[in-house]
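Peer 1: Build me a model from this:
(one chain, ligands or ions: 2)
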Amino acid sequence: MEALATNPCAACTIDQDCCNHLCGLRLTQIEFDRCFRHHDDDIVVERDGPLYIVSQRDGNACPNWQDGGCKVYDQRPRECALFPHTLYVRLHHNVVSVRVHSDTKCPLKAQLISSQSEAAALANEFAREAFGDQARIRVGSETKWQRLGRVSRTLVSRVLGTLLR
Ligand code: SF4
Ligand code: SF4
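Peer 2: Ligands and ions are numbered 1, 2, ... in the order given. Okay, the predicted model is just below:
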């Protein structure tokens with residue numbers, strides 16, 4: 001695995017902020033085994049159904065970030081490939097709902113971001129690999145109201161997290 005030369009984030013003007021703040025990256029088991037399984041000691045891993053949710057440990061960057069680039073760039077997880085799109089995944093009444101959104105301040109957003117149809121294809125591939133061939137999957141762009149709901153839920157959980165510390 002070697003692709004530092006092709007990594008556009010090397011030109012980031014905000015210090016490669018993303019890979020240095022790994023928080024809640026969602027992975028299928030195949031992606032986890034390929035990119036993170038052997039870094040178990042360097043990350044915090046949570047499970048949400050079939051998904052692996054990976055965050056940095058002790059303020060360290062993503063363990064795949066080395067020498068100014070991603071050492072698994074060509075085989076990076078789909079949520080990394082989708083960025084500056086992000087996924088919101090929810091299982092409700094046996095339907096996997098995957099919403100694609102993009103709130104980022106990434107300075108290279110215009111150049112990095114995939115088209116809505118490419119993003120939807122990657123999101124669908126991700127959900128199919130994670131939840132299996134029998135799963136009912138709906139992929140769509142986040143609406144304004146869905147965004148408001150997601151941002152509110154995040155804020156409430158942050159406030160509760162602070163109060164309960
Ligand atoms: S995705 Fe954007 S913000 Fe993140 S490291 Fe790359 S250029 Fe920087
Ligand atoms: S796997 Fe690569 S692109 Fe994804 S967070 Fe880690 S260093 Fe960044």
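Peer 1: Would it be right to say that residue 45 lies in a strand?
Peer 2: Yes: according to DSSP: H, G, I helix; E, B strand; the rest coil, residue 45 belongs to a strand.
Peer 1: Counting neighbours, what do you get for it?
Peer 2: Burial measure for residue 45: 15 neighbouring residues, criterion other CB atoms under 10 Å. From N, CA and C alone the C-beta is placed, and that goes for glycine too.
Peer 1: Quickly list what it is bridged to.
Peer 2: residue 54 (DSSP bridges).
Peer 1: separation between it and residue 31?
Peer 2: 12 Å (CB to CB, to the nearest Å).
Peer 1: got any residues that touch both of these two?
Peer 2: residue 52 (CB atoms under 8 Å, 6 or more residues apart in numbering).
Peer 1: residue contacts, residue 84?
Peer 2: Contacts of residue 84 by CB under 8 Å, 6+ apart are 102, 104, 106, 109, 112, 113.
Peer 1: Before we go further, it is sitting in a strand, right?
Peer 2: No: counting by three-state DSSP, residue 84 is not found in a strand; it is coil.
Peer 1: With adjacent residues omitted, what lies nearest to residue 23?
Peer 2: residue 55 (4.9 Å; CB to CB, 6 or more residues apart in numbering).
Peer 1: can you pull the pLDDT of that neighbour?
Peer 2: Note for residue 55: predicted pLDDT of 92.
Peer 1: residues touching it, list them.
Peer 2: So residue 55 contacts 22, 23, 24, 25, 43, 44, 46 (CB under 8 Å, 6+ apart).
Peer 1: quick one: it and ligand 1, what's the gap?
Peer 2: Computed as CB to the nearest ligand atom, to the nearest Å, the residue 55 to ligand 1 distance reads 16 Å.
Peer 1: cool, and residue 108?
Peer 2: 4 Å.
Peer 1: Counting neighbours, what do you get for that residue?
Peer 2: Residue 108 has 15 nearby residues by other CB under 10 Å.
Peer 1: isn't it right up against residue 10?
Peer 2: No: between residue 108 and residue 10 there is no contact under CB atoms under 8 Å: 10.3 Å.
Peer 1: contacting residues around stretch 142-152?
Peer 2: Residues beyond stretch 142-152 that count as contacts (CB under 8 Å, 6+ apart) turn out to be 88, 99, 100, 101, 103.
Peer 1: any idea of the mean pLDDT in that stretch?
Peer 2: pLDDT averaged over stretch 142-152 gives 81.
Peer 1: still on that earlier bit, buried by neighbour count, from the contacts of stretch 142-152: which ones?
Peer 2: Buried members of these, counted by 16 or more other CB atoms under 10 Å: 88, 99, 100, 101.
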